[in-house]
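Novice: build me a model from this:
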Amino acid sequence: MADSKLHEEALEYHEHPTPGKISISITKPAETAHDLTLAYSPGVAEPVREIADSPDNAYRYTIKGNLVAVISNGTAILGLGNLGPLASKPVMEGKALLFKKFANVDAIDIEVKHKDIDDFVNTVANIADTFGGINLEDIKAPECFEIERRLKKLCSIPVFHDDQHGTAIVTTAGILNALKLQGKNIEDCKVVCLGAGAAGVACSDLLLASGAKRERFFMVDRHGIIRSDRTDLNGEKPRFVNDSGPTTLTEALKDADVFLGVSGSNLVSEEQVKSMAPKAVIFACSNPNPEVAPEIVRRARPDIIFGTGRSDYPNQINNVICFPFLFRGALDVRATEINLEMKKAAMNAIRLLAQEPVPEEVVKASGADTLEFGPEYIMPKPMDRRLVKRVAKAVAEAAVRTGVARIPMPEHYMED
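Specialist: Numbering: from 1, shown residues only. Below you'll find the model as predicted:
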């Protein structure tokens with residue numbers, strides 16, 4: 001599709017027949033005088049008193065338990081940069097659409113103008129009790145790390161920065177599946193991550209938590225390998241220091257089993273790809289143009305399994321196969337947070353589902369002739385309806401198991 005055509009179609013889609021992508025629907029009758037008596041005054045006073053007596057009753061009498069706030073300050077909108085809170089609204093509305101479409105989670109977007117981190121954190125913390133969960137989005141690093149950390153301490157509901165953790169969950173699931181197909185174990189692999197921002201840090205954390213060895217893990221930023229002899233390290237970078245050899249990306253990529261790119265376009269050359277280990281894995285996730293073009297990898301190293309952030313190539317790294325279902329599970333047990341075990345549970349549920357036979361309706365909806373676990377199908381498709389049950393259940397079970405659930409597993413999760 002030509003860019004000019006996409007431009008016109010995208011603007012038409014967002015403007016007509018009604019501006020925006022979401023609306024509010026009514027869930028109770030409001031046709032008669034008695035309906036209105038119950039909906040507002042004086043009937044509404046009854047749940048007000050119940051909630052005043054016990055705040056948990058908000059889950060019984062309001063939308064709180066199925067409501068997520070999608071919140072941004074617009075400082076890192078997609079690949080477009082810092083364009084301000086209001087410009088982020090179409091993206092946040094889109095996120096709300098995906099929550100509803102894929103997991104029946106009600107979501108509302110909130111764009112926050114702020115002077116500094118304190119201002120943003122205070123604003124969000126002061127409205128947090130309205131919601132069952134908070135999805136932070138498109139907030140630049142390194143501020144995003146401090147914002148999420150502080151909000152998790154201040155809020156009694158899950159606070160989840162999807163650019164960090166949703167990306168990490170999906171990426172790790174895909175890399176582990178690709179390594180399985182290549183006959184490798186993550187514990188034995190040399191791993192290189194190019195990019196030390198929000199996604200790079202979170203992906204690195206989850207890969208290490210999933211078995212990657214720190215002594216064979218190399219994070220690279222625009223100045224080279226994260227090493228202790230660097231004088232410019234700040235934020236999260238120092239904990240990824242590795243002094244065991246390489247000082248440049250070229251040196252790190254030699255004999256590497258895994259390359260993860262979450263940085264910028266066209267930063268990896270054909271020669272660097274050729275230098276990687278046999279049966280390597282490359283996830284080049286920069287959008288719209290990856291760190292290295294799939295065509296280059298196919299020509300130089302057909303033995304490599306390749307993934308990107310794009311929908312027009314196989315193995316798209318797509319957060320929509322994670323965040324709606326992860327929140328579904330967290331909300332269903334009224335979790336107070338989304339912890340590491342819940343993230344790993346989501347990752348493993350996604351990973352294992354991709355290894356199962358694919359229903360015909362999913363194959364048809366994806367536009368493919370066939371889908372089978374292999375080099376060009378290592379992650380489930382977003383339209384796979386099994387995701388909501390598998391991922392949500394795994395997350396809910398992990399929340400109960402780790403003591404962050406307020407209520408037991410819902411009965412519908414116990415059904416086959």
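
Novice: make it CA atoms for all contacts and neighbour counts henceforth
Specialist: Will do.

Novice: neighbours of the closest residue in space to residue 376 that isn't next to it in sequence, how many?
Specialist: Using Cα to Cα, 6 or more residues apart in numbering and skipping residues adjacent in sequence, the residue nearest residue 376 is residue 314, 5.3 Å away. Neighbour count for residue 314, taken as other Cα atoms under 10 Å: 18.

Novice: dihedrals phi and psi, residue 314?
Specialist: phi -60, psi 160 (degrees, to the nearest 10).

Novice: where does the stretch 301-416 of the chain dip in pLDDT?
Specialist: 416 (pLDDT under 70).

Novice: what segments of it are helices?
Specialist: Applying DSSP state H, counting those that start in this stretch to the stretch 301-416 of the chain gives helices spanning 323-332, 340-354, 360-366, 386-401.

Novice: for residue 207, see how far away residue 218 is.
Specialist: 12 Å (Cα to Cα, to the nearest Å).

Novice: more crowded one of these two?
Specialist: When neighbours are counted by other Cα under 10 Å, residue 218 and residue 207 differ, and residue 218 comes out ahead with 31 against 24.

Novice: now that one, what's its secondary structure?
Specialist: strand (DSSP: H, G, I helix; E, B strand; the rest coil).

Novice: now it, nearest residue through space, not along the chain?
Specialist: According to Cα to Cα, 6+ apart, the nearest residue to residue 218 is residue 192 (4.8 Å).

Novice: the residue nearest to residue 376 reaches residue 307, doesn't it?
Specialist: Yes - using Cα atoms under 8 Å, residue 314 is in contact with residue 307, at 6.6 Å.

Novice: and for the two, which residues touch both?
Specialist: Here residue 314 and residue 307 have no joint contacts, going by Cα atoms under 8 Å, 6 or more residues apart in numbering.

Novice: which ones are touching the residue lying closest to residue 84 once chain neighbours are set aside?
Specialist: Leaving aside its chain neighbours, residue 84 sits nearest to residue 74 (4.5 Å; criterion: Cα to Cα, 6+ apart). Residue 74 makes contact with 82-88, 111, 138-139 under the criterion Cα under 8 Å, 6+ apart.

Novice: repeat that for residue 343.
Specialist: Residue 343 touches 165, 169, 326, 395, counting by Cα under 8 Å, 6+ apart.

Novice: can you report how many residues neighbour the third one?
Specialist: Each residue near residue 326 was counted by other Cα under 10 Å, and the total is 27.

Novice: distance of it from residue 400?
Specialist: From residue 326 to residue 400 the distance is 14 Å (Cα to Cα).

Novice: residue 325 now?
Specialist: 16 Å.

Novice: of the two, who's got more company?
Specialist: Set side by side, residue 325 and residue 400 show more neighbours around residue 325, with 26 against 19, by other Cα under 10 Å.

Novice: tell me the SS of residue 70?
Specialist: strand.

Novice: number of nearby residues for it?
Specialist: 26.

Novice: and it, what does it touch?
Specialist: 92, 95-96, 107-110, 134-137.

Novice: run through the bridge partners of it.
Specialist: On the basis of DSSP bridges, residue 70 is bridged to residue 109, residue 135.

Novice: now do the same for it: its pLDDT.
Specialist: Note on residue 70: pLDDT of 98.

Novice: now it: how far from residue 178?
Specialist: Taking Cα to Cα, one finds residue 70 at 32 Å from residue 178.

Novice: how about residues contacting stretch 275-294?
Specialist: Against stretch 275-294 from outside (Cα under 8 Å, 6+ apart): 79, 171, 175, 178-179, 182, 253-270, 303-310, 317.

Novice: show me what the mean pLDDT comes to for it.
Specialist: 95.

Novice: residue 243 touches residue 228, doesn't it?
Specialist: Yes - using Cα under 8 Å, residue 243 makes contact with residue 228 at a distance of 6.7 Å.

Novice: would you map out the domains in this protein?
Specialist: 19-157, 165-308, 320-414 (automatic domain parsing).

Novice: quick check: which of the ones you listed is nearest to residue 10?
Specialist: For residue 10, the closest of the domains of the chain is domain 19-157, at 10.9 Å, according to Cα to Cα.

Novice: off-centre distance for the closest one?
Specialist: Mean C-alpha position of domain 19-157 versus that of the full chain (Cα atoms, centre = their mean, to the nearest Å) differs by 17 Å.

Novice: please apply the same query to stretch 167-175.
Specialist: 9 Å.

Novice: pretty sure residue 244 is in a strand, no?
Specialist: No - counting by three-state DSSP, residue 244 is not part of a strand but coil.

Novice: which residues touch it?
Specialist: So residue 244 contacts residue 215 (Cα under 8 Å, 6+ apart).

Novice: any figure for the gap between it and residue 11?
Specialist: Taking Cα to Cα, one finds residue 244 at 51 Å from residue 11.

Novice: which stretches in the stretch 201-350 of the chain count as strands?
Specialist: 217-221, 224-225, 258-261, 281-284, 305-308 (DSSP state E, counting those that start in this stretch).

Novice: average pLDDT for the first one?
Specialist: Averaged across strand 217-221, pLDDT comes to 97.

Novice: same check on the shortest one?
Specialist: Per-residue pLDDT values across strand 224-225 average out to 94.

Novice: give the pairing partners of that strand; include direction for each.
Specialist: With DSSP bridges as the test, strand 224-225 pairs up with strand 217-221 (antiparallel).

Novice: got a list of contacts for the partner strand?
Specialist: By Cα under 8 Å, 6+ apart, strand 217-221 touches 190-196, 225-226, 240-242, 248-249, 252.
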